[in-house]
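*Asks:* attaching a predicted model along with its sequence, questions to come.
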2 protein chains.
Amino acid sequence: MSYFDAASAAPLHPVARQALLASLDEGWADPARLYREGRKARMLLDAAREAVAEAVGCRADEVVFTSSGTRAVHTGVAGALAGRRRVGRHLIVSAVEHSSVLHSAEAFEAEGGAVSRVAVNRAGAVDASAYAAALRQDTALACLQSANHEVGTVQPVAQVAEVCRAAGVPLLVDAAQSLGWGPVEGDWSLLAASAHKWGGPSGVGLLVVRKGVRFAAQGPVDERESGRAPGFENLPAIVAAVASLRAVRAEAAEEGVRLRELTERIRVRVPELVPDVEVVGDAERRLPGIVTFSCLYVDGEALLHELDREGFSVSSGSSCTSSTLTPSHVLKAMGVLSEGNVRVSLPPGVAEEDVERFLDVLPGTVAGVREKLGAPAPATVVQAQELVVDSLGKRCPIPVIELAKVFGEVPVGGTVRVLSDDEAARLDIPAWCEMRGQEYVGEEPAERGTAYVVRRVS
Amino acid sequence: MSYFDAASAAPLHPVARQALLASLDEGWADPARLYREGRKARMLLDAAREAVAEAVGCRADEVVFTSSGTRAVHTGVAGALAGRRRVGRHLIVSAVEHSSVLHSAEAFEAEGGAVSRVAVNRAGAVDASAYAAALRQDTALACLQSANHEVGTVQPVAQVAEVCRAAGVPLLVDAAQSLGWGPVEGDWSLLAASAHKWGGPSGVGLLVVRKGVRFAAQGPVDERESGRAPGFENLPAIVAAVASLRAVRAEAAEEGVRLRELTERIRVRVPELVPDVEVVGDAERRLPGIVTFSCLYVDGEALLHELDREGFSVSSGSSCTSSTLTPSHVLKAMGVLSEGNVRVSLPPGVAEEDVERFLDVLPGTVAGVREKLGAPAPATVVQAQELVVDSLGKRCPIPVIELAKVFGEVPVGGTVRVLSDDEAARLDIPAWCEMRGQEYVGEEPAERGTAYVVRRVS
């Protein structure tokens, strides 16, 4: 098996495993206790905190260990918002944040807070000026990821932090995808991360709150972790997390270059090998290990299953809404094609041969899925000025396939109306037009569902 | 070293270690993913949930895994209170609950909720009739521990559950101290527990919510663990936790008898070996491994240090308030002596010789601490009708030591007024009277601090 989903969870780093084993023996006791085992646990915990502070670039007393990256984000957002309640009840997030940030924003809205969602460009990046424009007198907090988890695009954190700092608003950075590669630059105020994204064990998150940031932990508290993360410290896992962070950082420069070359290979060769593919995300400002593309006329879940049968574990942000896949808010915000979406995220140490084998297997796999769905062949004779395609009751990617099938039958200047009641069509029909250089006229309510109108311009 | 603090954290059970190692290789991937590694993780998670359900005596879909026992309690209390918000905003807890329950109650009060704290008897047990009396029309939830974490007293959970059920009020049971010994009896509605109390790894708690219990998870949610425990599942630790629960349960009957005999030995022999000791907690209805006693005229922290030097790791709920020890709300609620408090909680598999060596070492250790503090020698000539002891500025156990030193100098019928500004005196002077069969007259405000008045009756 080739595991290409490191952005979900990385396999445990050998150093993490070793550290975990050692600290299962040394670090199981309560670090708050006065006896020998407790003092030993306390020493391990203190050393771990110092090491993390060094890797993050902060003070040790600014770091708390949480039970997950998600928990770090939830605690960080809620605490920062509560700490600045007097300033106001306005929160800024980007439209492409991890669900933990977006869920925090929704919870805040449910309590009466106001949330601005900053748009991204077609590469998935925000612009610092958009944060500047979103800032208000009553803005309590802004959030921005260091890099996107679905497409790998690196965000301009330092510039956004500067804009926020000038307005006196703290910036919380979700560094889950990037902390293994290096510290987050810029003058941020809070930072969250997750150990199992960098090869540490699950069960450990980081929350950093800079001195001077107003912070009021919400919910029941206890005396552990500065009152910011209640419950017994998961010490063996913390020790393992920190050991693996140091280990991956030591390898980051070299491994980053290698993975970047491998993902570049995928970026370049997939569109050569597979027709009707869009590679998404920024080509330059991106994480080394992530590359994402979408294949027209393909059901994302079917493609995952076929790739799994071929021995490849990848994930998908496809908007083909089966029971298990939900449409990606990231691809939607970018305005790119979401059907047949594949995210390849390479774990450090991945073998070059595995990537080559993926490139060998992919074209046939995509073709097979397309064939089953009856994807379009080259067009035939031109006839009517307007054709209507009834795709009511059919799910993504069928509406786009049916559009493509008849498109050659209308003359240049003619239109196709696609009737669809699948939400994915709203995203994927405009995306198809963009890819094909055709004009997307717009949508109109129809008797059932929506009519999406496309004009043939070439 | 002899580790006698299993009620804080138990060393990792060998079965847990083995299961953890195996599932680090098999269970690191995201169980929500469709590929092979994800499906394997999902199978492990499902199997763990089934096994826990069997051990608890509930349905698998009633179990969620949290990141700690504390988190399970916080989530359970907040969710149950929110689920029954329409019924009312009243919560019942016992006065001797774990701090996680009491902190949840405090957070609820801070939001405007009302909390009743049910008193306990001198053994630390509640009475079901006291819960019945505390129930109101607007009671949303009641909480009760299965057994006390400081003195080992087992609570009448089944009776309290019956009383609550009759009133239509759900009962949340904090089973942290007892789940390794067996399922919780009675018709409870919610249950919380912590794996590292039964020899599992830290980082795993259990929350069980019976079908039909109204429950509304608070804060940001995600799709994991039925929307009740956000964040990536800590699967290797979950698998290890469940494996160790099954292992300790298999050994529970035999080991329970053995530990009960060892703690009984301590219960009986400590008062024979050490003068002025009070063994606290119920002598019969108690956990097998916990025994707690308090030594007059002893500073709890000093005693812990001396025992640590002798190789024994125990904890203390002493009210001698140094920087590190806080007074025990449990001992206070029981109305028993808290000075020189020692909790011995034996881990399964503890060697009998270690317990014998503890009994050998304890008398000399206590005597040494008393000598340093200048504890009283037998009394001398009787004189004044009232003596005043000025203990202002002196910390526990000095006020009690000074009371005891002069007590023989007043005639029967005479009184001693102890001036003290140490909070612990409020608990320990009445407790001393109870132990000595003298009359505690009461307290009066003094120019500085408080005057505690004791009458000599024999």
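*Replies:* All right, it came through fine.

*Asks:* so for A:Asp276, what's the pLDDT?
*Replies:* You'll see A:Asp276 listed with a pLDDT of 92.

*Asks:* what of A:Thr380?
*Replies:* Note for A:Thr380: predicted pLDDT of 43.

*Asks:* chain B contacts on the stretch 51-200 of chain A?
*Replies:* Applying CB under 8 Å from any CB of the partner chain, one finds that the stretch 51-200 of chain A approaches chain B through A:67-71, A:74, A:77-78, A:99-100, A:103-104, A:106-107, A:194, A:196. The way it works is simple: take the backbone N, C-alpha and C, and place the C-beta from them, glycine included.

*Asks:* quick check: closest non-adjacent residue to A:Glu97.
*Replies:* Closest residue to A:Glu97 apart from its sequence neighbours, by CB to CB, 6 or more residues apart in numbering or on different chains: A:Gln145 at 5.6 Å.

*Asks:* so what's that neighbour bridging to?
*Replies:* A:Asp174 (DSSP bridges).

*Asks:* quick one: contacts for it?
*Replies:* By CB atoms under 8 Å, 6 or more residues apart in numbering or on different chains, the contact list for A:Gln145 reads A:Ser94, A:Val96, A:Glu97, A:His98, A:Val101, A:Gln155, A:Val173, A:Asp174, A:Ala175, A:Ala176, A:Gln177.

*Asks:* any residues touching the host helix or strand of A:Pro363, and which ones?
*Replies:* Using DSSP states H and E, A:Pro363 maps to helix A:352-373. Identification of contacts with helix A:352-373 by CB under 8 Å, 6+ apart yields A:2, A:4, A:262, A:265-266, A:269-270, A:273-274, A:277, A:295, A:297-299, A:302-303, A:306-307, A:310, A:312, A:340, A:344, A:346, A:397-398, A:401.

*Asks:* out of these, which are close to chain B?
*Replies:* Under the cut-off given by CB under 8 Å from any CB, chain B has A:Leu307, A:Phe312 from the contacts of helix A:352-373 close to it.

*Asks:* strands - which of the contacts of helix A:352-373 land there?
*Replies:* Among those, DSSP state E puts A:Ser2, A:Val277, A:Cys295, A:Phe312, A:Val344 in strands.

*Asks:* for the residue of the stretch 351-458 of chain A found nearest chain B, grab the count of nearby residues.
*Replies:* Proximity to chain B, evaluated over the stretch 351-458 of chain A using CB to the nearest CB, is greatest for A:Phe358 at 13.2 Å. When neighbours are counted by other CB atoms under 10 Å in any protein chain shown, A:Phe358 registers 24.

*Asks:* for A:Ala253, same thing?
*Replies:* A:Ala253 - counted by other CB under 10 Å - has 10 other residues nearby.

*Asks:* ok, now A:Val453?
*Replies:* Per other CB under 10 Å, the neighbour tally for A:Val453 reads 16.

*Asks:* quick one: it is in a strand?
*Replies:* Yes: according to DSSP: H, G, I helix; E, B strand; the rest coil, A:Val453 belongs to a strand.

*Asks:* the closest residue to A:Ala167 other than its chain neighbours: what's it in contact with?
*Replies:* Excluding the flanking residues, the one nearest A:Ala167 by CB to CB, 6+ apart is A:Leu135, at 4.8 Å. When contacts are counted by CB under 8 Å, 6+ apart, A:Leu135 is found next to A:Ile92, A:Ala142, A:Val163, A:Cys164, A:Ala167, A:Val169.

*Asks:* then the helix or strand containing the second one to CSV, C-alphas only?
*Replies:* Per DSSP H and E: A:Ala142 is located in strand A:139-145. Output in CSV follows, covering the C-alpha atoms of strand A:139-145 (Å, rounded to 0.1, in the frame of the first residue of the first chain):
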residue,chain,number,x,y,z
THR,A,139,-13.4,42.9,15.9
ALA,A,140,-12.3,40.7,18.7
LEU,A,141,-10.2,38.1,16.8
ALA,A,142,-9.0,37.1,13.3
CYS,A,143,-8.1,33.6,12.3
LEU,A,144,-6.0,32.4,9.4
GLN,A,145,-4.4,29.0,8.6
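
*Asks:* the longest helix in chain A is where?
*Replies:* If you go by DSSP state H, chain A has its longest helix at helix A:235-273.

*Asks:* by contact count, what packs against it?
*Replies:* With contacts defined as 3 or more CB pairs under 8 Å, 6 or more residues apart in numbering or on different chains; DSSP states H and E, the packing partners of helix A:235-273 are helix A:14-26, helix A:36-56, strand A:277-280, strand A:290-295, helix A:352-373.

*Asks:* quick check: buried residues in the shortest one?
*Replies:* Applying a neighbour-count criterion of 16 or more other CB atoms under 10 Å in any protein chain shown, one finds A:Val277, A:Glu278, A:Val279, A:Val280 buried in strand A:277-280.

*Asks:* so what strands line up beside that strand?
*Replies:* Sheet pairing for strand A:277-280, assigned by DSSP bridges, gives strand A:290-295 (antiparallel).

*Asks:* show me how far the strand it pairs with is from its chain's centre.
*Replies:* 13 Å (CA atoms, centre = their mean, to the nearest Å).

*Asks:* got it, and stretch A:203-221?
*Replies:* The chain centroid and the centroid of stretch A:203-221 are separated by 23 Å under CA atoms, centre = their mean.

*Asks:* in three-state terms, label A:Pro201 for me.
*Replies:* In three-state terms, and counting by three-state DSSP, A:Pro201 is coil.

*Asks:* over to the one 5 residues further on?
*Replies:* Three states are possible here, and by three-state DSSP the one that applies to A:Leu206 is strand.
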